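> Sequence and computational prediction follow.
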Amino acid sequence: MTQQLHHAAHWGAFTGIVKDGRLLRVVPPPADPAPPAILQGMADALHSPIRIDRPHIRKGWLRGDRGGGTPRGGEAFVPVSWDAAASLVAGEVARVRDAHGPASIFGGSYGWASAGRFHHAPSQLHRLLAAAGGYTGQVTNYSYAAGMTLMPHVVGGMEIVDRPVVAWRDIVQHARILVCFGGITLRNGQVNAGGGARHEMGVWLRRAAAAGLRIVNISPLRADIPPDVACQWWPIRPGTDTALMLALAHVLIAGDRVDHDFLARCTVGYQPLRAYITGAADGIAKTPDWAAAETGLPAADIVALAHDLAAQPHMLTAAWSLQRAEAGEQPYWMLAALASMLGRVGLPGQGFTFGLGSENGMGGARVMGPSVTLPALPNPARSVIPVARITDMLERPGDVVDWNGTRITYPDTRLVWWAGGNPFHHHQDLNRLLRAWAKPETIIVSEPWWTPAARHADIVLPATTTMERDDIGSGSLDRHILAMKRLVPAQGQARDEFDYMADIADALGVRPRFTQQRNVDAWLRAMYGQAQAGYARLDVTLPDFDTFWDQGLVEVPEPDHPMVAFSAFRADPAARPLNTPSGRIELFSAGIAGFGYDDCPGHPVWRPPVEYLGTARPGQLHLLSVQPATRLHSQMDMAPLSKASKVQGREAILIHPADAAARGIAAGDVVRVFNARGACLAGAVLTDNLLAGVAVLPTGAWFDPLQPGVPGSLCVHGNPNVLTRDAGTSKLGQGPSAQSCLVEIERFTGVLPPITVHLPPAIEEP
Ligand SMILES: Nc1nc2c(c(=O)[nH]1)N[C@H]1C(S)=C(S)[C@@H](COP(=O)(O)OP(=O)(O)OC[C@H]3O[C@@H](n4cnc5c(=O)[nH]c(N)nc54)[C@H](O)[C@@H]3O)O[C@H]1N2
Ligand SMILES: Nc1nc2c(c(=O)[nH]1)N[C@H]1C(S)=C(S)[C@@H](COP(=O)(O)OP(=O)(O)OC[C@H]3O[C@@H](n4cnc5c(=O)[nH]c(N)nc54)[C@H](O)[C@@H]3O)O[C@H]1N2
Ligand SMILES: [Mo]
């Protein structure tokens, strides 16, 4: 019998067509104008030969090897029963907690996991570890750590970074110019955390172009605006956007085009910033000529754009990528300052925003109701690290790190448990991570697939995928709540996190606290009920749970009023102040200045990164590691779509024809990309839609070292994180700075090693 069942992934809602316990294919909702191609790999992923079929233990760990410096990742695994694995895990949690304190258990477990909000692996793990006594967690995220830490100081909240606070429909209606730093790349509009039923970024971008909006694509990559959308392409050197913004501001000052009324009413700190821009403060006037040398853009164009922006309604937006870079706070702060000087902040469809092209749902009009979420338990250990400081933490227990005005002491990590994330995908400088990863006594990874993280664990727990369980998909960017119905039974011996963690909670004596005496059905109803009650307070009526579950989806209607960030504040700043110390937009922040950080002073500044084209030696190129078009991070890398995008099995790297010719590289060649931190292979794709001197290697090809467990070994597959630099954006945000990275590239002439990471690792039956 064939069944049709509603389900969802981060890359979209779908109906699963199921027959005899197998998913045959998926059909996206008819109302979705641009269903992501990534969906087509669901059946391949579900029934993949690299699903983890049983719990496994690393051979050396079974023999008694407890960290101590030998890198993990090079050894065979031995399958064990669930009973054995669960009791080993419970034993390790209790042992480390009792001997070293709960902060020695690292359970931050950052990662996107699955769209389902109940079986969300990190949330389940946090609940278990909190119930059992506590753990060290992670604050902020890899996506926009610098932006989300900075913006509360500048505008009193972070919603401008991570929520749709402006709507495309208002931009199309009111703005005449759309300046996009980092473009609006439809590739990234395929996904949002929690899943979405409509992917409308392309619809809106084309509508904007059709309405005559002038689009300025400020990006090293022309394709950051799709080829059929007319735009002006400004191929900026990566990492230099702040210099461009400062020069635009300089032109406004020089031409007396600054909106002094807006600055006086709605901002504080213009004078020190002005003194910096004009050079009165430091002797360097941030003129268009000065910026031309940094950015590679013609000074005359900068002057003209500044004049046009002063004359016409506009929206300025910056991709999240700009702040995943050294000093990534600066372009975000300066964008807010530039928009304030132009004076259109708080008008419909105008001013500034972030991430309009970074994820599905940004720019969507929505009622800011609650998403469906699994409630957290308080963490008794009260220990956290800034998310991207994981290697530092493992390397230097007891060391102190600055973050956002606080000082955090790194715990002494003895046990690591990761569920729902892939640190050997997401972290920078993987060879450094691999060395530090040797230190903990035990590393547990829960995963459906033999990912690089699972391969670097001691205890591997096989998790179900969403398709093997009932759940609810829901995210803060999308207007839909999605039923995710179980499509097939659990594959192999895979178990739901909630299920096996309840057993481990039992062994630790905390089952009732972990489960709250609810089964899955009771949890889904309770979580849905919470969201329903939250919407009711906003006068939005959601159907009851059973109706929702039968329908497969709930659509929250769009609000009919314009979505205008800062409108009430602009109308009456005294009566409706922002949540900043001054109540206004802070172009100078006494709070940040008071932290005394050398790398993030009291107003936006140009800080040249250690690695960018301005510091490159001859032969070096700037490497950007963007989000991949054919998968979500490392998820679905094993599916046919991702595999088909590779060149001779290697991740495709974009290289400018001139840079390729200078190195004797032809299209389709395998190249070696390298720097002092590491090396990987990639497949050359040549394009002149790229600034010369820049190469682009998307993230997410599974880390496949030629010699697993040997730091520095060549990644034969093309994971850019063997090359990226592991340093905080600044002491303020401590975000990842993956985009600030120089590399060299040469044609690879050796014998091409096979890709082995898409096959299971060596397994020895006991
Ligand atoms: N160089 C470079 N690096 C980057 C970035 C960059 O721009 N450049 N971007 C960064 C950003 S923005 C992000 S958000 C991160 C993303 O980093 P991650 O979120 O860690 O990446 P994912 O590949 O999504 O990892 C999720 C993992 O969860 C697993 N999983 C899925 N469902 C389940 C489940 O039900 N149970 C369990 N136990 N596991 C499950 C998946 O198989 C996958 O391995 O990467 C960061 N890394
Ligand atoms: N298909 C797909 N979509 C995704 C994801 C995915 O893995 N796959 N990941 C999701 C996640 S977790 C996140 S956080 C978002 C990330 O969203 P973003 O951070 O916006 O995405 P990126 O692809 O890193 O960067 C967007 C563009 O910025 C440009 N860029 C890079 N550096 C610079 C610079 O210094 N200056 C300028 N002007 N431009 C620059 C690059 O050309 C790149 O194409 O994407 C989300 N969307
Ligand atoms: Mo992200």
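Structure's in. What do you need? Note that the structure is a prediction, hence the values are computed from the model and not measured. Numbering: from 1, shown residues only. Ligands and ions are numbered 1, 2, ... in the order given.

> Does the strand or helix carrying residue 147 reach ligand 1?
Secondary structure assignment for residue 147, by DSSP states H and E: helix 145-155. No: applying Cβ under 6 Å from any ligand atom, one finds helix 145-155 separated from ligand 1 by no less than 9.2 Å. No exception for glycine: its C-beta is placed from N, CA and C like everyone else's.

> How about stretch 431-447?
Yes: using Cβ under 6 Å from any ligand atom, stretch 431-447 reaches ligand 1 at 446, 447.

> repeat for stretch 646-653
No: shown here: stretch 646-653 not in contact with ligand 1 (Cβ under 6 Å from any ligand atom), separated by at least 11.8 Å.

> Which parts of that stretch count as buried, going by neighbours?
By 16 or more other Cβ atoms under 10 Å, the buried positions in stretch 646-653 come out as 646, 647, 649, 650, 651, 652, 653.

> Stretch 476-489 now?
Neighbour-count burial for stretch 476-489 [16+ other Cβ under 10 Å]: 476-488.

> go on, stretch 707-718?
If you call a residue buried by 16+ other Cβ under 10 Å, then stretch 707-718 has these buried ones: 708, 709, 711, 713, 714, 715, 716, 717, 718.

> Tell me the one among the residues you listed nearest to residue 92.
residue 709 (21.3 Å; Cβ to Cβ).

> for the closest one, what are its contacts?
Residue 709 is in contact with 70, 71, 72, 73, 74, 75, 434, counting by Cβ atoms under 8 Å, 6 or more residues apart in numbering.

> Now the phi/psi pair for residue 747, please.
When read as degrees, to the nearest 10, the backbone of residue 747 gives phi -70, psi 140.

> ignore the last one, residue 215
The phi/psi pair for residue 215 (degrees, to the nearest 10) reads phi -110, psi 120.

> Residue 208 is in contact with that one, correct?
Yes: using Cβ atoms under 8 Å, residue 215 makes contact with residue 208 at a distance of 6.9 Å.

> and for the two, which residues touch both?
Counting by Cβ under 8 Å, 6+ apart, the shared contacts of residue 215 and residue 208 are residue 178.

> Dig out what residue 715 forms beta bridges with.
residue 680, residue 705 (DSSP bridges).

> how much space between it and ligand 2?
Distance, residue 715 to ligand 2, using Cβ to the nearest ligand atom, to the nearest Å: 18 Å.

> Do you have the strands of the stretch 201-350 of the chain handy? List them.
214-218, 232-234, 267-268, 314-318 (DSSP state E, counting those that start in this stretch).

> and if you look at the stretch 1-150 of the chain?
2-9, 12-19, 22-27, 56-58, 77-79, 105-106, 136-139.

> For the residue most central in space within the chain, give me its contacts.
Closest to where the C-alpha atoms of the chain average out (Cα atoms, centre = their mean) is residue 143, at 3.2 Å. Neighbouring residues of residue 143 by Cβ under 8 Å, 6+ apart: 162, 320, 324, 358.

> mind checking pLDDT for it?
According to the prediction, residue 143 has pLDDT 98.

> got the residues of the protein near ligand 2?
So the chain meets ligand 2 at 143, 181-183, 185, 187-188, 190-191, 218-221, 224, 236, 238-239, 241, 319-322, 325, 358-359, 624, 626-629, 632-633, 739 (Cβ under 6 Å from any ligand atom).

> For ligand 1, tell me which of the residues you listed show up nearby.
Among the residues of the chain next to ligand 2, the ones lying near ligand 1 by Cβ under 6 Å from any ligand atom are 143, 632, 633.

> Quick one: neighbours of residue 596, just the number.
Using other Cβ atoms under 10 Å, residue 596 has 12 neighbouring residues.

> do residue 33 as well
So residue 33, with other Cβ under 10 Å, has 10 neighbours.

> rewinding a little: mind putting the buried residues of stretch 646-653 into JSON lines with secondary structure and distance to residue 31?
Shown next, in JSON lines, are those (DSSP: H, G, I helix; E, B strand; the rest coil; distance: Cβ to Cβ, whole Å):
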{"residue": "646", "secondary structure": "coil", "distance to residue 31": "33"}
{"residue": "647", "secondary structure": "strand", "distance to residue 31": "36"}
{"residue": "649", "secondary structure": "coil", "distance to residue 31": "37"}
{"residue": "650", "secondary structure": "strand", "distance to residue 31": "38"}
{"residue": "651", "secondary structure": "coil", "distance to residue 31": "34"}
{"residue": "652", "secondary structure": "strand", "distance to residue 31": "32"}
{"residue": "653", "secondary structure": "strand", "distance to residue 31": "37"}
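
> ok, so of the residues you listed, who is nearest ligand 1?
Set against ligand 1, the nearest of these by Cβ to the nearest ligand atom is residue 651 (11.8 Å).

> Could you report the separation of that closest one from residue 115?
25 Å (Cβ to Cβ, to the nearest Å).

> Figure out the helix or strand that residue 161 lives in.
helix 159-162.

> Quick one: mean pLDDT for that helix?
Mean predicted confidence for helix 159-162 is 96.

> Now the helix or strand just after that helix: buried residues?
Using DSSP H and E, the helix or strand that directly follows helix 159-162 along the chain is helix 168-174. Counting neighbours by 16+ other Cβ under 10 Å, one finds that the buried residues in helix 168-174 are 168, 169, 170, 171, 172, 174.

> Kindly report the same for stretch 756-766.
Buried residues in stretch 756-766, counted by 16+ other Cβ under 10 Å: 756, 757, 758, 760, 761.

> Please list all residues in contact with the closest residue to the second one other than its chain neighbours.
This means residue 757. Nearest residue to residue 757 in three dimensions, chain neighbours excluded: residue 704, at 3.8 Å (Cβ to Cβ, 6 or more residues apart in numbering). Residue 704 makes contacts with 452, 715, 716, 717, 719, 755, 756, 757, as judged by Cβ under 8 Å, 6+ apart.

> Now flag whichever of those is closest to ligand 2.
Nearest to ligand 2 among the contacts of residue 704, with distances taken as Cβ to the nearest ligand atom, is residue 719, at 13.5 Å.

> Isn't the closest one up against residue 703?
Yes: shown here, residue 719 and residue 703 form a contact pair, counting by Cβ under 8 Å, at 4.4 Å.

> Report the set of residues contacting both of the two.
425, 430, 452.

> just checking: which of those residues also lie near ligand 1?
Taking Cβ under 6 Å from any ligand atom as the test, ligand 1 is in contact with residue 425 out of the shared contacts of residue 719 and residue 703.

> If any of the shared contacts of residue 719 and residue 703 are buried, put those into a PyMOL selection.
Buried members of the shared contacts of residue 719 and residue 703, defined by 16+ other Cβ under 10 Å, are picked up in PyMOL with:
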select buried, resi 425+430+452
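
> Can you tell me, leaving aside adjacent residues, what's nearest to residue 130?
In space, residue 130 is closest to residue 377, 4.0 Å off (Cβ to Cβ, 6+ apart).

> ok, residue 67 to ligand 1 distance?
Relative to ligand 1, and taking Cβ to the nearest ligand atom, residue 67 is found at 22 Å.

> so what's the nearest residue to that residue once chain neighbours are set aside up against?
In space, and not counting its chain neighbours, residue 67 is closest to residue 441: 4.7 Å by Cβ to Cβ, 6+ apart. For residue 441, the contact set (Cβ under 8 Å, 6+ apart) comprises 66, 67, 92, 96, 414, 415.

> what about the residue in the stretch 401-550 of the chain that ligand 1 sits nearest to, how many residues close to it?
Nearest residue of the stretch 401-550 of the chain to ligand 1: residue 426, at 3.2 Å (Cβ to the nearest ligand atom). Residue 426 has 25 neighbours, counted by other Cβ under 10 Å.

> Just confirm it contacts residue 627, I think it does.
No: using Cβ under 8 Å, residue 426 is not in contact with residue 627; the gap is 11.6 Å.

> Mutual contacts of these two, please.
Here residue 426 and residue 627 have 633, 699 as joint contacts, going by Cβ under 8 Å, 6+ apart.

> hang on, the earlier thing: mind giving me CSV with the contacts of residue 441 and columns for distance to residue 562 and pLDDT?
As requested, the contacts of residue 441 are exported to CSV (distance: Cβ to Cβ, whole Å; pLDDT from 0 to 100):
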residue, distance to residue 562, pLDDT
66, 60, 94
67, 56, 87
92, 54, 98
96, 53, 98
414, 53, 98
415, 51, 98
